[in-house]
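In: model this:
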Amino acid sequence: MIIAALRNFYQARFTEADGVPDPLWDNEAKRLLDLQLPSWIASAPTNARFSRAKALERAISQIENGATKVWATVVRGAAKRRETEPSTLWLPDRQELDTAFFSWVRANCAAALKGPKVERIPASPEYVFAVWDHVCAALAYRFQDEIATINNYLTHLIWFEDRVDTYLDGRLCDWIAIWRGRPKLNLEAAIRAGVDLVPVDRIWNFAVTEIGRQLGKPASELLLPNRQAIEAAFFRRVEEVCAAALRGGPREMDPKRQ
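Out: Residues are numbered from 1 along each chain as shown. Take a look at the predicted model:
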């Protein structure tokens, strides 16, 4: 998640020479760092021999050392999109970006580690995490989609809808298809545990704040849709998508696209 957030953080700042970040790439970085990373840290299982704090610091340090590769990839991608040479691009100050980014990462990790001790989960963490990650991302974009719609913010609406489909009908289904039928893996338990860990309240608060930021309004001034109805419909769709993928059947179509 940190590497993906770093890539999006860099890309958000490869817009114009005035340094105004691209809202879509910034949205991705914020979702990963302000929402999903601390949510996972707060809920990830642990044991007496494992220090989450040490593991996180080790991972962050490794990513800092490898940031040059991420930077180079983003620069090449920006040059390719603009059909020019990397040497001709306007480049933001990478040192300032890295300082801001990794301070942001460490602050979020430190805050998440102060939460209550986590409970054991009934399946292998790596499988639970995969389900949790895809469902969290899809729900964040579904909430943003609905909040943006009711506030007549149509600029990125198609993108929000597309991301819901990408995570549910694409990545989650593909992941289930890869692991379906493994005799020693209780995939149903991993799916249930992953869905149960989804921090719905935090995702809702993130979506409201993020749409407000993109509109330039305080969150208190936004019109808000019926959250209960959105949640119910979303988790019904998750159940249907997972059930179809476990059977190896066809993927469900998003009702909004039918």
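
In: How many residues are close by the residue nearest to Asp98 when sequence neighbours are not counted?
Out: Nearest in space to Asp98, with sequence neighbours left out and distances taken as Cβ to Cβ, 6 or more residues apart in numbering, is Ala67 at 6.0 Å. In short, each C-beta sits where N, CA and C put it, glycine included. Ala67 has 19 neighbours, counted by other Cβ atoms under 10 Å.

In: shouldn't Ala67 be in contact with Leu97?
Out: No. Counting by Cβ atoms under 8 Å, Ala67 stays clear of Leu97, with 9.2 Å between them.

In: What separation do you get for the residue nearest to Asp98 and Arg13?
Out: 14 Å (Cβ to Cβ, to the nearest Å).

In: Show me the helices in this protein, by range?
Out: According to DSSP state H, the chain carries its helices in the segments 2-12, 23-30, 37-43, 52-65, 67-81, 94-113, 125-150, 157-165, 173-179, 187-196, 200-215, 227-247.

In: In CSV: those, plus distance to Thr88 and mean pLDDT.
Out: CSV is the format used below for the helices of the chain (distance: least, Cβ to Cβ, whole Å; pLDDT from 0 to 100):
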stretch, distance to Thr88, mean pLDDT
helix 2-12, 18, 92
helix 23-30, 21, 90
helix 37-43, 35, 84
helix 52-65, 28, 90
helix 67-81, 8, 88
helix 94-113, 17, 92
helix 125-150, 34, 94
helix 157-165, 28, 94
helix 173-179, 38, 91
helix 187-196, 45, 91
helix 200-215, 30, 94
helix 227-247, 45, 95
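
In: Identify whichever of those helices lies nearest to Glu221.
Out: helix 200-215 (7.4 Å; Cβ to Cβ).

In: That closest one vs helix 23-30, what angle?
Out: Interaxial angle of helix 200-215 relative to helix 23-30 (axes from the mean of the first three to the mean of the last three Cα atoms, to 10 degrees): 150 degrees.

In: which residues sit against helix 200-215?
Out: Applying Cβ atoms under 8 Å, 6 or more residues apart in numbering, the external contacts of helix 200-215 come out as 23, 27, 30-31, 34-35, 39, 136, 139-140, 143-144, 147-148, 151, 153, 155-156, 218-219, 221-222, 224, 227, 231.

In: what do you get for stretch 69-80?
Out: Residues contacting stretch 69-80 (Cβ under 8 Å, 6+ apart): Ile3, Leu6, Arg7, Tyr10, Gln11, Phe14, Glu85, Pro86, Thr88, Leu89, Leu91, Arg94.

In: just checking, the first one touches Ile63?
Out: Which is Ile3. Yes. If you go by Cβ under 8 Å, Ile3 and Ile63 touch, sitting 5.9 Å apart.

In: In contact with Phe160, which residues?
Out: Tyr141, Arg142, Gln144, Asp145, Ala148.

In: go with 7 Å
Out: Counting by Cβ atoms under 7 Å, 6 or more residues apart in numbering, Phe160 makes contact with Tyr141, Gln144, Asp145, Ala148.

In: coming back round to it: now, of the contacts of stretch 69-80, which are buried?
Out: Buried members of the contacts of stretch 69-80, counted by 16 or more other Cβ atoms under 10 Å: Leu6, Arg7, Tyr10, Gln11, Phe14.

In: gap between the first one and Glu126?
Out: As judged by Cβ to Cβ, Leu6 and Glu126 stand 22 Å apart.

In: Now do the same contact list for Glu146.
Out: Going by Cβ under 7 Å, 6+ apart, the list of residues near Glu146 reads Pro225, Ile230.

In: ditto for the one 4 residues further on
Out: Counting by Cβ under 7 Å, 6+ apart, Ile150 makes contact with Leu223, Pro225.
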